[in-house]
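K.L.:
the sequence isn't on hand, but the structure is:
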């Protein structure tokens, strides 16, 4: 019976590892798309106004920040998946450190987004222009 349990645990570890990789790929895709969107909007504003106006540039930055915050959540989810099946104390310690760092990054990013949203009340989902 013990041998079957070991096989099942190995199966779950491999499956969870693939799921974590898939979630990380999703986070990378979110970052890539958000960066491309921010870049294209910035170019559009630059060509349209010959200089990016502060308020519109801030909205581009806020939109990018929101997507980055979302991708941080996905990355944290991937880390949790990696340590979900029979973690060692070392893996738990690493997860705690990574979770703390990512949570702090997300917290301060959200503070900045909220502060900027109060300065520039237009919703960032509206296209510039």
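P.N.:
Great, that's in hand. Model, not experiment: these values are computed from the prediction. Numbers count the residues shown, from 1 in each chain.

K.L.:
may I see the buried residues of stretch 29-37?
P.N.:
Under the neighbour-count criterion of 16 or more other CB atoms under 10 Å, stretch 29-37 has 30-31, 34 buried. No exception for glycine: its C-beta is placed from N, CA and C like everyone else's.

K.L.:
go on, stretch 58-77?
P.N.:
Neighbour counts using 16+ other CB under 10 Å place 58-72, 74-77 of stretch 58-77 among the buried residues.

K.L.:
returning to that earlier point: among the buried residues of stretch 29-37, which are in strands?
P.N.:
Judged by DSSP state E, strands contain none of the buried residues of stretch 29-37.

K.L.:
any chance of those in TSV, with pLDDT and distance to residue 121 too?
P.N.:
Shown next, in TSV, are these (pLDDT from 0 to 100; distance: CB to CB, whole Å):
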residue	pLDDT	distance to residue 121
30	97	25
31	97	26
34	97	22
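
K.L.:
name the spans of the protein whose pLDDT lies under the cut-off.
P.N.:
Across the chain, the ranges flagged by pLDDT under 70 are 1-2, 50-52, 122-129.

K.L.:
quick check: longest helix of it.
P.N.:
helix 2-49 (DSSP state H).

K.L.:
that one: how far from the chain's middle?
P.N.:
Distance of helix 2-49 from its chain centroid, counting by CA atoms, centre = their mean, to the nearest Å, is 9 Å.

K.L.:
re the thing from before, how about the buried residues of stretch 29-37 in a markdown table, adding distance to residue 40?
P.N.:
Formatted as a markdown table, those follow (distance: CB to CB, whole Å):
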| residue | distance to residue 40 |
| --- | --- |
| 30 | 16 |
| 31 | 15 |
| 34 | 11 |
